[in-house]
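K.L.:
below are the sequence and a predicted model for it; my questions follow.
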Amino acid sequence: MTFAMVAPDDPSVVGAGLTRAQIETYTDRLGDYHQLFANGSSANLQAFLQTLGGQLEIGDTEESLVVRTKGDFTIYLPALTSWRRDRFTIAHELGHYFLHYRFFKIDEREMPKRRYKRFGRSRAETEANYFAASLLMPRARFVETWEQLRGDLYQVADTFEVSTAAADIRAQSLNLA
């Protein structure tokens, strides 16, 4: 898979420099390859994490990702968040893993341990959010579901097991709402 770079910045610091369309293509390919939707209408993130070698840790912590090496990483979730928020956070941290850790690294010796925290507004955070939305609510599936459910935000959110806020933002980004 080849992509044209939008910006020549260091992808591990400011983002991968991909367009939204490129991120959607990337998440579609990941979802198809890993059969994320094989068991239903929502992405099976637990199986995906297990396949990738990732772990979840829930406790007195902030949302973050620690990557030790390719195939060895932990996503940290706070104990007091909803499972729908957690699903988006997991997908967001996977966005950092794929877009900002693995995407441009060719030689594993060049892949140092890295920590990503979820805060602020930066290109990397925006890309990780868009990755998460595209992974959990792929464009074609989302548009079809939106039309079938006549834009009922609550039912659409239930279908993809995301918050209504996440479904609303996805609908807006696709010019449906």
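P.N.:
Thanks, I have the structure now. Numbers count the residues shown, from 1 in each chain.

K.L.:
and Asp86, what does it touch?
P.N.:
Residues near Asp86 by C-beta atoms under 8 Å, 6 or more residues apart in numbering: Leu77. Just so you know, the C-beta spots here come from the backbone N, C-alpha and C atoms, and that holds for glycine as well.

K.L.:
quick check: which element contains it?
P.N.:
Using DSSP states H and E, Asp86 sits in helix 83-95.

K.L.:
pull that helix out as CSV, backbone CA atoms only.
P.N.:
Once non-C-alpha atoms are left out, helix 83-95 reads as follows in CSV (Å, rounded to 0.1, in the frame of the first residue of the first chain):
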residue,chain,number,x,y,z
TRP,A,83,-17.5,0.8,27.8
ARG,A,84,-18.5,2.8,24.7
ARG,A,85,-15.9,5.4,25.6
ASP,A,86,-13.4,2.7,26.2
ARG,A,87,-14.1,1.2,22.7
PHE,A,88,-13.3,4.6,21.1
THR,A,89,-10.2,5.0,23.3
ILE,A,90,-9.0,1.6,22.3
ALA,A,91,-9.5,2.4,18.6
HIS,A,92,-7.9,5.8,19.2
GLU,A,93,-4.8,4.3,20.7
LEU,A,94,-4.6,1.7,17.9
GLY,A,95,-4.6,4.8,15.6
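
K.L.:
buried stuff in it?
P.N.:
84-95 (16 or more other C-beta atoms under 10 Å).

K.L.:
try stretch 160-177
P.N.:
Buried, per 16+ other C-beta under 10 Å, within stretch 160-177: 160-162, 166-171, 173.

K.L.:
max pairwise distance over those: which two?
P.N.:
For these, the farthest-apart pair by C-beta to C-beta is Glu161 and Ser173; their separation is 18.5 Å.

K.L.:
since that was my last question, I'll sign off now.
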